[in-house]
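**Student:** mind looking at a prediction? Sequence and model below.
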Amino acid sequence: MPELTPWSTRRRAALLVGLAALGSGALALWRLPPPGAVAFTRSTDELEAYDFIELTAQVSSPHAANPFTDASLSGVFRNGGDASWSVEGFCDSEEGGVYRLRFMPSAPGDYSYTIWFRQNGWTRSSSGAFHVRAGSRRGPIRVDAEHRWHFVWEGTGEHYFFNGTTAYWLMGWRDEKTIAASIERLHRLAVNRLRVTIAGRSNQYWGERVMAGATWSPFLTPWPAGHSWAQRLGHLGRLLGVGGDALDEVADDVYHPDFDYRRFDVPYWQKFERGLRVARDLDMIVSLVLDMADSRVHPDAGSSDEERFIRYAVARFAAFSNVTWDLGDDLDLYRDEDWSHETGSKLKQWDPYRHLATSHPTKNEHQDRGSDWFDFTSFQEWSREQHAFMLAQRKLQEQAGRIIPQTNEEYGYEDHYPMWAPGLGSDSSEELRRTAWQIAMAGGYQTTGESTRRGTNVLPDTGGGWMNGRGDETMTMFEGYRHMVDFFTSFPWWLTDPHDELVSSGNECLAQPGKLYAVYLPNAGSVTVQLAPGSYRASWWEAATGRRVPLSKVVAGAEPWHSPSAPGPGDWALLLQR
C-alpha cells in the first residue's frame, strides 16, 4: 500500500465523512485495501487442561472502517483424533490492530490448529501445535448425568454445592482492586457463585444506600456511549489521523445512552475478563447475565446488533472455565418466550464448550424447562414458604419429562424491603439463612444477596452488598450460610431426595433411605424418623453456628425412632448415616 500524503489523507477523510453521511450501505461500496501485514503469535506451547491458550493476530496499518464488523479471526482446533472445535475470535482494540482467539482444551494431549484472519475478502492464516497436560483444574460445572438434580465439576468429578450471591454491578467499580478484593472476600465466606451483569444499567436504587459516583457506577458501557454518528466519524478520523478523540465521552443517561451497537468498548470488556480470572483462580462460578430489564434500552430483539453482542461475549468469555450464561434478569419484561427459546438454542451453538445456561424471568412459568439449551431453573420467588415452593417445582420439572437442577436465585436480599417482599423482618439475615435451609432441604439451590447498609458513595462507603459485591467485616450474613454449606458437604447430599414423609410434621428430611438421613428442625425440639432397620452414627448440627454435638449410636428397628431433644433453641439439623 503506498504511503498516503497529507493531501490524500485529507481527501480520503473527506470521502469517508461523505460516505458516512450517506449511510453504511454507501461505505460498503467503497472498499479499503487490505492491511499491510498480519503477525500471528500464541501465548504458550504448553498448558493445563481447562486453562486456555490465546492466539493473537497483530494487524499492521489497520484501517477497517469498523474492525468489529469488517474483519474477523476464526480457528479450528484438533486433538489428534476425530474431535474438532470451531472457535471465533474477537477484536481487542478500537482501531482494529489486535484480534484474539482463545481455546480451552478439556483433555491432555497434543493439539493442532489453523486460524484465519479475514478482512474485505483478504485472508491470512497460521497453523501450529501445542501440548496439554492433565493438571488439576476443576473445569466447567455440568449437570450430573447420574443425579440430574445436581451439579458436578467436569474436570475432577467433584460435586458442586451451589451457594450463590448477586453482585450485579460488580464491574461498575473503577478500581479493579475493589473488584478483586470483593471476589476474594466472598470466596472466604464460602460463596462459590456470583451473578454479574454484562450490559445491565440502572438509575434505580430501590431505597438502598448506594449512588453513582467517582468510585462506582451502575452505568455499564459494553458499547461506546454518546452520539453514535459523531462517534463513528470520530473513529474514522482517528484511523486517518485527523482527530476525533473528544467525541468519546461516556453517556450516563440510562434512558438515552445512544449506544453504538456496532462497536464495543474494549477497555470495559478487558476489565471484565480480568475479574473473571480472579474468580477462576478461586474456583468461583460467575453467572454472566447478558442484560437486565432495568437497562430500559437494548439492542432490538433478534437483530444483528443483538447477535453481535452475544457472539462477542461468547468469543471473549467462553474459554473461561468458570462461567455460566443467563439470558437476562427480569427477562420477560423485555423479551418473550419464543425469543428465549431461539436465543438460548443459538447461544449453545455459538459456545464451543456449551457452558450451562438459564434465564431469569419475573414469572416462573416462563422457564423453558423442557428445552435442551436450558440447564437449570433460575426462579425469583419471595415467599417464606420456600420448602413447599421448591418441592412443587421438582414435581413440575418431572412432569416436563426432563430432570435438571432447581434453583431460586432471587428470594430476598438482606435488609431489603420492596413492596413485593413478604413484610418487615422477612429479609433479615436470620430469616434469609433459615429460608436457604428450606431450599436446600427440598434438594434445591439458592442465590441471595448481602445488605447495602454500609453504603457505596454514601458514608461509611465500605459496602454495596447485592448491588456490587463489596462488603466489610461488619457484614456477617454469609457466616451463617457457610455453616449450611459445611453441613451439606459433610455427606454425599447428591444421593438424597426429599422424604418429608419419613419425619414428624413440621420438620424436613432428605434421605437415601436405609443409608443416610438429613433432618432439619426449624424449631428445635425432637423429631420422629422412620429409619430402615440397622445401626446409624448420628450427630446434631446447630444451623446458626455450625456447632456439632455427637449422639450415641442409633439402633433402629421396625418402629419409628424418636430423637432426644435438640441441645438448644433455634433451628437444628440432624444427620444419621448407616
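**Tutor:** That came through, no problem. Residues are numbered from 1 along each chain as shown.
**Student:** where exactly do the strands run in the stretch 51-200 of the chain?
**Tutor:** When assigned using DSSP state E, counting those that start in this stretch, the strands of the stretch 51-200 of the chain occupy the ranges 53-59, 71-78, 84-88, 90-91, 98-103, 109-119, 122-133, 141-143, 151-153, 159-160, 163-166, 193-197.
**Student:** okay if I get these as JSON lines plus distance to residue 482 and mean pLDDT?
**Tutor:** Where you see a C-beta, it was placed from the backbone N, CA and C, and this is true even at glycine. Rendered in JSON lines, the data for these read as follows (distance: least, CB to CB, whole Å; pLDDT from 0 to 100):
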{"stretch": "strand 53-59", "distance to residue 482": "35", "mean pLDDT": "98"}
{"stretch": "strand 71-78", "distance to residue 482": "40", "mean pLDDT": "98"}
{"stretch": "strand 84-88", "distance to residue 482": "38", "mean pLDDT": "97"}
{"stretch": "strand 90-91", "distance to residue 482": "38", "mean pLDDT": "98"}
{"stretch": "strand 98-103", "distance to residue 482": "34", "mean pLDDT": "98"}
{"stretch": "strand 109-119", "distance to residue 482": "39", "mean pLDDT": "97"}
{"stretch": "strand 122-133", "distance to residue 482": "34", "mean pLDDT": "97"}
{"stretch": "strand 141-143", "distance to residue 482": "20", "mean pLDDT": "98"}
{"stretch": "strand 151-153", "distance to residue 482": "19", "mean pLDDT": "98"}
{"stretch": "strand 159-160", "distance to residue 482": "16", "mean pLDDT": "98"}
{"stretch": "strand 163-166", "distance to residue 482": "8", "mean pLDDT": "98"}
{"stretch": "strand 193-197", "distance to residue 482": "14", "mean pLDDT": "98"}
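**Student:** could you dump those into a markdown table and include distance to residue 333 and mean neighbour count?
**Tutor:** Supplementary listing: those in a markdown table, determined by distance: least, CB to CB, whole Å; neighbours: other CB atoms under 10 Å:
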| stretch | distance to residue 333 | mean neighbour count |
| --- | --- | --- |
| strand 53-59 | 37 | 21 |
| strand 71-78 | 34 | 20 |
| strand 84-88 | 30 | 16 |
| strand 90-91 | 29 | 25 |
| strand 98-103 | 33 | 23 |
| strand 109-119 | 38 | 18 |
| strand 122-133 | 43 | 14 |
| strand 141-143 | 28 | 20 |
| strand 151-153 | 28 | 22 |
| strand 159-160 | 30 | 21 |
| strand 163-166 | 17 | 25 |
| strand 193-197 | 14 | 26 |
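**Student:** who wins for proximity to residue 476 among those strands?
**Tutor:** With respect to residue 476, and counting by CB to CB, the nearest of the strands of the stretch 51-200 of the chain is strand 163-166 at 13.7 Å.
**Student:** partner strands of the closest one, with direction?
**Tutor:** Using DSSP bridges, the strands paired with strand 163-166 in its sheet are strand 193-197 (parallel), strand 445-448 (parallel).
**Student:** alpha carbons of that strand, in CSV - could you do that?
**Tutor:** Once side chains and other backbone atoms are set aside, the C-alpha atoms of strand 163-166 remain, and they are given as CSV (Å, rounded to 0.1, in the frame of the first residue of the first chain):
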residue,chain,number,x,y,z
ASN,A,163,-24.1,-21.3,47.1
GLY,A,164,-24.6,-18.0,45.3
THR,A,165,-24.9,-14.3,45.7
THR,A,166,-25.8,-11.4,43.5
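**Student:** now the strands paired with strand 163-166 in a markdown table, with distance to residue 117?
**Tutor:** Supplementary listing: the strands paired with strand 163-166 in a markdown table, determined by distance: least, CB to CB, whole Å:
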| stretch | distance to residue 117 |
| --- | --- |
| strand 193-197 | 31 |
| strand 445-448 | 40 |
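**Student:** out of those strands, the one nearest residue 418 is which?
**Tutor:** When these are compared by CB to CB, strand 445-448 sits nearest residue 418, at 14.6 Å.
**Student:** which helices and strands sit right next to the helix or strand just after that closest one?
**Tutor:** Stepping forward along the backbone from strand 445-448, the first helix or strand reached (DSSP states H and E) is helix 465-468. In terms of contact count using 3 or more CB pairs under 8 Å, 6 or more residues apart in numbering; DSSP states H and E, helix 465-468 is assigned the packing partners strand 163-166.
**Student:** now do the strand it packs on: everything it contacts.
**Tutor:** Here strand 163-166 makes contact (CB atoms under 8 Å, 6 or more residues apart in numbering) with 186, 190-195, 285, 287, 407, 409-410, 413, 445-450, 466-467, 469, 478, 481, 484-485.
**Student:** quick one: distance of it to the chain centre.
**Tutor:** From the chain centre to the centre of strand 163-166 is a distance of 10 Å (CA atoms, centre = their mean, to the nearest Å).
**Student:** cool, stretch 449-462 as well?
**Tutor:** Counting by CA atoms, centre = their mean, stretch 449-462 comes out at 23 Å from the chain centroid.
**Student:** tell me the mean pLDDT over that stretch?
**Tutor:** Here the mean pLDDT over stretch 449-462 is 98, rounded to a whole number.
**Student:** list the contacts of that stretch.
**Tutor:** Contacts with stretch 449-462, where a contact means CB under 8 Å, 6+ apart, come from 165-167, 208-216, 413-416, 429, 463-468, 470-472, 474-475, 477-478.
**Student:** got it, and stretch 431-438?
**Tutor:** The contact list for stretch 431-438, computed with CB under 8 Å, 6+ apart, reads 384-387, 390, 411-412, 414, 425, 446, 448, 477, 480-481, 484, 508, 520, 522, 543-544, 571, 573.
**Student:** that older thread, quick check: strands, which of the contacts of stretch 449-462 are part of them?
**Tutor:** Of the positions in the contacts of stretch 449-462, 165-166 sit in strands, assigned by DSSP state E.
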